[in-house]
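K.L.:
no sequence on hand, only this structure:
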């Protein structure tokens, strides 16, 4: 009975384990029938080890791997590595760990002479897309995650997978280092809107950017005002600073202004105003608190304000939130933002850099720059009227 065949012949610490050739020499004259009885020995060989078995003096030293008619151990070696790849892929492990395990086996198979074409064929059979390591040494196992996301898109559409589980796969892909733009490309191709939550760190960064922008605009306009006073002319008041919400709102027409219920966010500091907006977008309007709305613009606001003390939304803050446009016949006139939810946000100039982040976090809401207010709202109203 054979009981001394090494289970793993990989090198350790740069030194080869005891010579396999010596082991093979001992077995050279052993009948195949005797070797075939040693099934417990062969099935226990480490599938991750390199099988250097070969035919010696016409005898098949590894009957469990080498097939009749084969004159080299290479096919058996390749089959052993392909089996190891399949087993690594089928392992009951978290996706990130399983992807790492598959990558390790692939690298070792290549290092032990298994042709790339043979490996790629097995990966295709397993539904895995794979690339070798990049020049930076970072394994591009992200393709495996993208392939899984692709499969799960159809499962989610068919109702066999929850959105929560699907989001978990996306989060795991991000943690594994898959570039966000690649994930976004896969989802957009499938017609899925992408939601990317704003991290606390990014929110802080956006607040700092807005504070710096506001300071720059204020200083530029203050200098222009002093120049105008000194030169006794209004020409010097022209600056390169973009117009703000207050100026752009005053340029709207009644036809557009009457179509939107609006609420201005101007209370507290600039930082607190962003926090208020994010709460509204994430949680909706608190029904237990008063939420004042008014038409976005009316040409008779001054007269109304003189009579009742206020008219129109606050436009001196960071944002103005909007409801869905009212229908042209005013049949939806009584539906306020609390009922329809926030459908649009007019963004003041110092927050323009935050718009891409806000749009990714809330893809179903329209975020409109103050200096594009008139054109974008006109397009929005026209799209509603044409339905």
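P.N.:
Okay, I see it. Worth saying up front: this structure is predicted, and the values here are computed from it rather than measured. Numbers count the residues shown, from 1 in each chain.
K.L.:
all the strands of this protein, residue numbers only.
P.N.:
For the chain, the strands defined by DSSP state E occupy 55-56, 59-60, 261-265, 294-295, 319-322, 344-347, 366-369.
K.L.:
low-confidence ranges in the stretch 51-200 of the chain?
P.N.:
51-73, 129-143, 164, 194 (pLDDT under 70).
K.L.:
show me the helices in it, by range?
P.N.:
Per DSSP state H, counting those that start in this stretch, the stretch 51-200 of the chain carries helices over the ranges 74-90, 95-111, 116-126, 142-157, 163-175, 180-189, 200-231.
K.L.:
could these go into a markdown table alongside distance to residue 275 and mean neighbour count?
P.N.:
In short, each C-beta sits where N, CA and C put it, glycine included. Output for the helices of the stretch 51-200 of the chain, formatted as a markdown table (distance: least, CB to CB, whole Å; neighbours: other CB atoms under 10 Å):
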| stretch | distance to residue 275 | mean neighbour count |
| --- | --- | --- |
| helix 74-90 | 46 | 19 |
| helix 95-111 | 34 | 18 |
| helix 116-126 | 47 | 14 |
| helix 142-157 | 33 | 18 |
| helix 163-175 | 24 | 15 |
| helix 180-189 | 25 | 14 |
| helix 200-231 | 8 | 14 |
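K.L.:
out of these, which gets nearest to residue 353?
P.N.:
Checking those against residue 353 by CB to CB gives helix 200-231 as the closest, at 5.1 Å.
K.L.:
quick check: residue 320 touching residue 262?
P.N.:
Yes. Contact criterion CB atoms under 8 Å: residue 320 and residue 262 qualify, at 5.3 Å.
K.L.:
what do the two both touch?
P.N.:
The contact sets of residue 320 and residue 262 overlap at 296, 313, 346 (CB atoms under 8 Å, 6 or more residues apart in numbering).
K.L.:
lowest-confidence entry in the residues you listed?
P.N.:
Sorting the shared contacts of residue 320 and residue 262 by pLDDT puts residue 313 at the bottom of the list (90).
K.L.:
please report how far that one lies from residue 375.
P.N.:
Computed as CB to CB, to the nearest Å, the residue 313 to residue 375 distance reads 20 Å.
K.L.:
more neighbours: the two, which one.
P.N.:
Neighbours were counted for residue 313 and for residue 375 using other CB atoms under 10 Å; residue 313 has more, 25 against 11.
K.L.:
picking up where we left off before, closest to residue 224 out of the shared contacts of residue 320 and residue 262?
P.N.:
For these, the nearest to residue 224 is residue 346 (24.7 Å; CB to CB).
K.L.:
grab the nearest non-local neighbour of that closest one.
P.N.:
residue 320 (4.2 Å; CB to CB, 6 or more residues apart in numbering).
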